[in-house]
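Participant: model the structure of this input:
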Amino acid sequence: AWRLMLVCQAARVGATYFLGTLPGIVVSGGDTAGGRSVSEVWRLDLVTLRWETMLNLGTARSRHVCCAVRGALVVIGGINREALSSVEIIRKGDLGFRGPGSGFTELPPLSCGEIFSGAAVAVDESVSAAGQVLLLGGDICPDSSEESYDDSWHSSDDSYGDDGADDDADGSDDDGGHGFSTAHLVDLATGVCQPQADLLSRQDDFAAAQLPDGRIAYAGGGGWYGVPLATSEVWEPLGQGAVTWSRRELPEMSVERWAGRACALSDGRFAVIGGVSGGHAGATLSSCEALKIGADENWELLPSMHDARYSFACVAVAGCVVVAGGNGRREWEGKLKTAEVFDEGQGRWFRLPRDLPHDGGLSNMGCALL
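Facilitator: Residues are numbered from 1 along each chain as shown. The predicted structure is shown next:
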């Protein structure tokens, strides 16, 4: 549609109308090059390709999860000097409204406690008062300040050995940022977290997406002691509208990916993009790969992004994948402001004409279509 806008007036009118029917891409929070969490919220208008400033979050945060629930943006957990259990919500129509009483509304905190670097998927149901979210994996540190928990773990020799912490009561060792295997069904009206069957492995900063048929796929992340993973899994609902799931392993990706991002392509394939791979050295990736679940289930490489990145914003809409921000190649490149779009029809990445509007770039933002 963006290409048609360059052809003729009639094509521009038709393309503009189509793009105007699409949801916008909302990016919230994140952290700066100095490690500061921010509260800013922006929306990418797909007609003008301009980033619009929206109302700020009530609490600055990064490494949070967010999703669209019943036409509202829900923001869960994250970090702001310490891990958060708080939840915020704002209706789509209120994002740009700055009158009295406008802004994000705080919901009850999570009964399961503080969480960050997990994944959230809205549950398709209409029984609960405010909606439900499936909260998967994530992490928490005994000292979760931003200074002590940063993106440099993959270049530290201390990340892979026993930290000497005592095992938890259940025999696990969840201290030190190793990731959880837990899953919870969260009732947004009450904050009550109902435990679900665990993930097949401990996961944090993994790539997850809900497929068009309702299945949830996730891959990569940091496993035990933060080692990057190439594993992938799928949750499949047991029956129409079910909140009970079966789980099974999928083939491993071609490479380990920590802090990559995922989406569902228009043909139903599960795509995983970017991330960090490989032991202590930690190479930032521009590569992408996709898996058709239920078919031959072999990962196929997709064209690489222009910029290698991890911990970035990523959404799929109308046959395109849009990525923005994140961390670049190692420390010398720092935070990124650039944005790119993958055109599935052409099989090519294009740079968007406008970067994220935050000076110095951002990473670890929340992102949703709204």
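
Participant: for the closest residue in space to Val234 that isn't next to it in sequence, give the beta-bridge partners.
Facilitator: Using Cβ to Cβ, 6 or more residues apart in numbering and skipping the chain neighbours, the partner closest in space to Val234 is Ala217 (4.8 Å). Just so you know, the C-beta spots here come from the backbone N, C-alpha and C atoms, and that holds for glycine as well. Beta-bridge partners for Ala217, by DSSP bridges, are Ala209, Val234.

Participant: ok, Ala217 touching Phe206?
Facilitator: No: Ala217 sits out of contact with Phe206 when judged by Cβ atoms under 8 Å, with a separation of 10.4 Å.

Participant: more neighbours: these two, which one.
Facilitator: Using other Cβ atoms under 10 Å as the criterion, Ala217 and Phe206 rank with Phe206 on top: 33 against 23.

Participant: if I pick the more buried one, what's in contact with it?
Facilitator: 119, 137, 218-222, 229, 260 (Cβ atoms under 8 Å, 6 or more residues apart in numbering).

Participant: nearest to Ser28 among the residues you listed?
Facilitator: Of all the contacts of Phe206, Ala119 has the smallest distance to Ser28: 15.4 Å, by Cβ to Cβ.

Participant: for the closest one, list each beta-bridge partner.
Facilitator: Beta-bridge partners, per DSSP bridges, of Ala119: Leu136.

Participant: distance of it from Arg63?
Facilitator: Using Cβ to Cβ, to the nearest Å, we find Ala119 at a distance of 12 Å from Arg63.

Participant: what does the pLDDT read for Ala281?
Facilitator: You'll see Ala281 listed with a pLDDT of 60.

Participant: cool, and Gly171?
Facilitator: 35.

Participant: renumber starting at 29 from here on
Facilitator: Shifting the count to begin at 29 puts that one at Gly199.

Participant: the helices in the stretch 29-178 of the chain, which residues?
Facilitator: Along the stretch 29-178 of the chain, counting by DSSP state H, counting those that start in this stretch, helices occupy 37-48.

Participant: could you list the low-confidence segments of it?
Facilitator: 29-48, 124-130, 168-178 (pLDDT under 70).

Participant: can you give me the strands for it?
Facilitator: 53-56, 69-73, 78-81, 93-97, 100-104, 107-108, 110-111, 115-119, 133-135, 147-150, 160-164 (DSSP state E, counting those that start in this stretch).

Participant: any chance of those in JSON lines, with mean neighbour count and distance to Gly303 too?
Facilitator: Converted to JSON lines, these look like this (neighbours: other Cβ atoms under 10 Å; distance: least, Cβ to Cβ, whole Å):
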{"stretch": "strand 53-56", "mean neighbour count": "26", "distance to Gly303": "19"}
{"stretch": "strand 69-73", "mean neighbour count": "20", "distance to Gly303": "22"}
{"stretch": "strand 78-81", "mean neighbour count": "15", "distance to Gly303": "24"}
{"stretch": "strand 93-97", "mean neighbour count": "22", "distance to Gly303": "17"}
{"stretch": "strand 100-104", "mean neighbour count": "26", "distance to Gly303": "22"}
{"stretch": "strand 107-108", "mean neighbour count": "26", "distance to Gly303": "19"}
{"stretch": "strand 110-111", "mean neighbour count": "18", "distance to Gly303": "22"}
{"stretch": "strand 115-119", "mean neighbour count": "21", "distance to Gly303": "27"}
{"stretch": "strand 133-135", "mean neighbour count": "15", "distance to Gly303": "31"}
{"stretch": "strand 147-150", "mean neighbour count": "22", "distance to Gly303": "14"}
{"stretch": "strand 160-164", "mean neighbour count": "23", "distance to Gly303": "17"}
